[in-house]
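1. mind looking at a prediction? Sequence and model below.
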Amino acid sequence: MKEDYSRILNEQGSQLKNKLAELWRQNSVRGTLFLHSLYIFLGLVITLFFLRDQNDFIVFMKAGEIFLTKPNELYNQEYYLWDFRYFPVVAILFIPFYLLGFDWGFIIFNLMSLILNVLICILIYKLILLVRNPDQETDTKRPLLYSCFYLMGVPHVFNYVLGQFNIPFIFVILLSLYLFLKKKGLKWEFVAGLLIGISIILKPIALTLVPFILIIHLDLKRKKLNINYSKSIVRLMGVIVPNMFNILLFILYPQMFNGFMETNFTGSTPIRINFSFSVTKLILNFCYIADIPFNQLTILFVVGVIFAGIAFFTYIIGDENEYKIIYGFTFGILIQLLVFYDSWDHHLLNLTPLLILIIFNLPRHSKLAAPYFKKGFFFLNFFDLLFMSFWFLTAPYFPFNYYSTVFLIIIFIGTCKCSMSLNSVLNLREKEGIK
């Protein structure tokens, strides 16, 4: 028995070694590892030596300290460099990093992000093979290349420098998507919903994903609304369970809830001019410089109703398809980026993996892929940070960082088109006469 077990381990070890050697022979893999190593090196050096007092990680550490010493003051923004906008459980997660101190805490946190990034790259590759359209090439070179493109993304530099935790968020939502697509049964529906609940803990704006995990279809021709109650309820239960911890903390410390709402919606922070590329922020910037009276909550609500309303209506009237949830997740992230006050370059990391999946889910020569998704992916993944720098040059007289907004709206339109007629979109070979 021990000999068999040893033999199996040796065989698996040999297979892993051969696989790693095969990957190392790929130029794209070697180039990606070098470039991403440079990203994390720059992140560590820039922050530890030059921006020690100008990063998000120090805010998260401070939140951990305040929760540990005076939890009722968690959302008292006088303690922070920048506003702490997250749920209280996030503060608890950062207590160990606070106890480690800034240097070791920052290094260990970014190394954790690096490990998760590698796992995300593997997950993207597996998802590509799972959702790849039959019209795509059957080899693995292109899926591997696009998986590498994710790690090559320039927003990673911004993420590492700031000590942001987009990476755990991305890992959780992609793992949830993988379970929704791969696994069957209510047990897995609950687990996938549980992961969405965890993503909401990490980033409250992930609430925009929740409507798109509900299995609802509106048949306009028959004027009939179909709802899969069992799966939808199980998914929602999964979402609710981890967030009970936040609800409990808000009950125990009522001042926390008031502070959370003021910081995120009604306070003075949202009206400040900055380089956020959300539609809401662009409107607020315009009203501010044009001296037009405004209410930031009203603008947020109107923009949110427009984009979320169009997205959800388009989603529920569209074809029922096993890959539909990819487009639902994409809608959820797009709503976050286009609607909420603050949308930064590092937030684009939440969207680019989904764009990769859509590029492979569509036929190879789809007329929708290039104009709506490929161009958007390459701009957001490689060029957005460059164009964001233009804002600092034009801000005194033109404070609008609209470059990414344009591509996000184009992607939004493309996602609407795909979602409405998904079955025909995914079978363009007949429709377009591709031979």
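-> Ah, there it is.
2. C-alpha from now on. contacts and neighbour counts both.
-> Noted.
3. check contacts around Ile306.
-> Applying CA atoms under 8 Å, 6 or more residues apart in numbering, we find Ile306 in contact with no residue.
4. okay, it: pLDDT?
-> We have a pLDDT of 94 for Ile306.
5. list the buried ones in the strand or helix carrying it?
-> If you go by DSSP states H and E, Ile306 is part of helix 296-317. For helix 296-317, burial by neighbour count (16 or more other CA atoms under 10 Å) applies to 296-297, 299-300, 303-304, 307-308, 311-312, 314-317.
6. do stretch 65-81 as well
-> Of the residues in stretch 65-81, Glu65, Ile66, Phe67, Pro71, Asn72, Glu73, Leu74, Tyr75, Asn76, Tyr80 count as buried by neighbour count, 16+ other CA under 10 Å.
7. go on, stretch 131-142?
-> Applying a neighbour-count criterion of 16+ other CA under 10 Å, one finds Val131, Arg132, Asn133, Asp135 buried in stretch 131-142.
8. helix/strand/coil for the third one?
-> Pointing back at Asn133 there. Here Asn133 is recorded as coil under DSSP: H, G, I helix; E, B strand; the rest coil.
9. give the contact list for the closest residue to it other than its chain neighbours.
-> Distances taken as CA to CA, 6 or more residues apart in numbering put Asn361 closest to Asn133, at 4.9 Å, once the chain neighbours are dropped. Neighbouring residues of Asn361 by CA under 8 Å, 6+ apart: Ile128, Val131, Arg132, Asn133, Leu426.
10. which of these sits closest to Ile95?
-> For the contacts of Asn361, the minimum distance to Ile95 (CA to CA) is 36.5 Å, reached by Ile128.
11. I'd say that closest one and Phe360 touch.
-> Yes. At 6.4 Å, Ile128 counts as touching Phe360 under the criterion of CA atoms under 8 Å.
12. what's around Asp319, how many residues?
-> 19 (other CA atoms under 10 Å).
13. that one: what's it in contact with?
-> Applying CA under 8 Å, 6+ apart, we find Asp319 in contact with Ser419, Met420, Ser421, Leu422, Asn423.
14. 6 Å - rerun?
-> Asp319 sits next to Ser421, Leu422 when contact means CA atoms under 6 Å, 6 or more residues apart in numbering.
15. mind listing the helices for the stretch 151-300 of the chain?
-> Counting by DSSP state H, counting those that start in this stretch, one finds helices in the stretch 151-300 of the chain at the ranges 155-162, 166-182, 186-202, 229-252, 254-261, 279-289, 296-317.
16. closest one to Leu116 among those?
-> Closest to Leu116 of the helices of the stretch 151-300 of the chain is helix 166-182 (CA to CA; 6.7 Å).
17. quick one: neighbours of Ser230, just the number.
-> Neighbours of Ser230 under the rule other CA under 10 Å: 11.
18. find me the pLDDT at it, would you?
-> The model's pLDDT for Ser230 equals 89.
19. what of Phe49?
-> The model reports Phe49 with a pLDDT of 86.
20. could you measure from it over to Ile108?
-> Plainly put, Phe49 is 16 Å away from Ile108 if you go by CA to CA, to the nearest Å.
21. looking at those two now, which is surrounded by more residues?
-> Ranked by neighbour count (other CA under 10 Å), Phe49 and Ile108 place Ile108 first, with 14 against 9.
22. other residues contacting the helix or strand that contains Tyr150?
-> Element membership for Tyr150 (DSSP H and E) is helix 141-152. With contact meaning CA under 6 Å, 6+ apart, helix 141-152 is reached by Thr32, Cys121, Ile124, Tyr125.
23. try it again with 8 Å
-> 28-29, 32, 35-36, 117, 121-122, 124-125, 128-129, 352-353, 356, 381-382.
24. worst average pLDDT in the helices of the stretch 151-300 of the chain?
-> Per-stretch mean pLDDT for these is lowest at helix 254-261 (a mean of 80).
25. tell me which residues of it are tucked away?
-> Using 16+ other CA under 10 Å as the test for burial, helix 254-261 gives Gln255, Met256, Phe257, Gly259, Phe260.
26. gap between stretch 290-309 and the chain center?
-> Put simply, stretch 290-309 sits 23 Å off its chain's centre (CA atoms, centre = their mean, to the nearest Å).
27. oh, and call the first residue 851 from now on, that's how I've got it
-> Shifting the count to begin at 851 puts that one at stretch 1140-1159.
28. for the nearest residue to Leu898 once chain neighbours are set aside, what is the enclosing helix or strand?
-> Excluding its sequence neighbours, the residue lying closest to Leu898 (CA to CA, 6+ apart) is Asp953, at 6.9 Å. Under the criterion of DSSP H and E, Asp953 resides in helix 952-981.
29. how long is stretch 946-957 end to end?
-> End-to-end for stretch 946-957, by CA to CA: 13 Å.
30. just the C-alpha atoms of stretch 1067-1082, please, in PDB.
-> C-alpha atoms of stretch 1067-1082 as PDB (Å, rounded to 0.1, in the frame of the first residue of the first chain):
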ATOM      1  CA  HIS A1067     -36.300  35.100 -17.500                       C
ATOM      2  CA  LEU A1068     -38.900  37.500 -18.900                       C
ATOM      3  CA  ASP A1069     -40.600  36.200 -22.100                       C
ATOM      4  CA  LEU A1070     -41.800  39.300 -23.800                       C
ATOM      5  CA  LYS A1071     -43.700  37.400 -26.500                       C
ATOM      6  CA  ARG A1072     -45.700  35.300 -24.100                       C
ATOM      7  CA  LYS A1073     -45.700  38.000 -21.400                       C
ATOM      8  CA  LYS A1074     -44.500  35.500 -18.900                       C
ATOM      9  CA  LEU A1075     -42.000  35.800 -16.100                       C
ATOM     10  CA  ASN A1076     -40.200  32.500 -15.200                       C
ATOM     11  CA  ILE A1077     -38.200  32.300 -12.000                       C
ATOM     12  CA  ASN A1078     -36.200  29.300 -10.800                       C
ATOM     13  CA  TYR A1079     -37.100  29.700  -7.100                       C
ATOM     14  CA  SER A1080     -35.100  26.900  -5.700                       C
ATOM     15  CA  LYS A1081     -31.700  27.800  -7.200                       C
ATOM     16  CA  SER A1082     -32.300  31.500  -6.800                       C
END
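31. returning to that earlier point: Tyr1173 is nearest to which of the helices of the stretch 1001-1150 of the chain?
-> Closest among the helices of the stretch 1001-1150 of the chain, using CA to CA: helix 1016-1032, at 7.3 Å.
32. on that earlier part again, what do Ile978 and Phe1210 both touch?
-> Going by CA under 8 Å, 6+ apart, no residue sits against Ile978 while also sitting against Phe1210.
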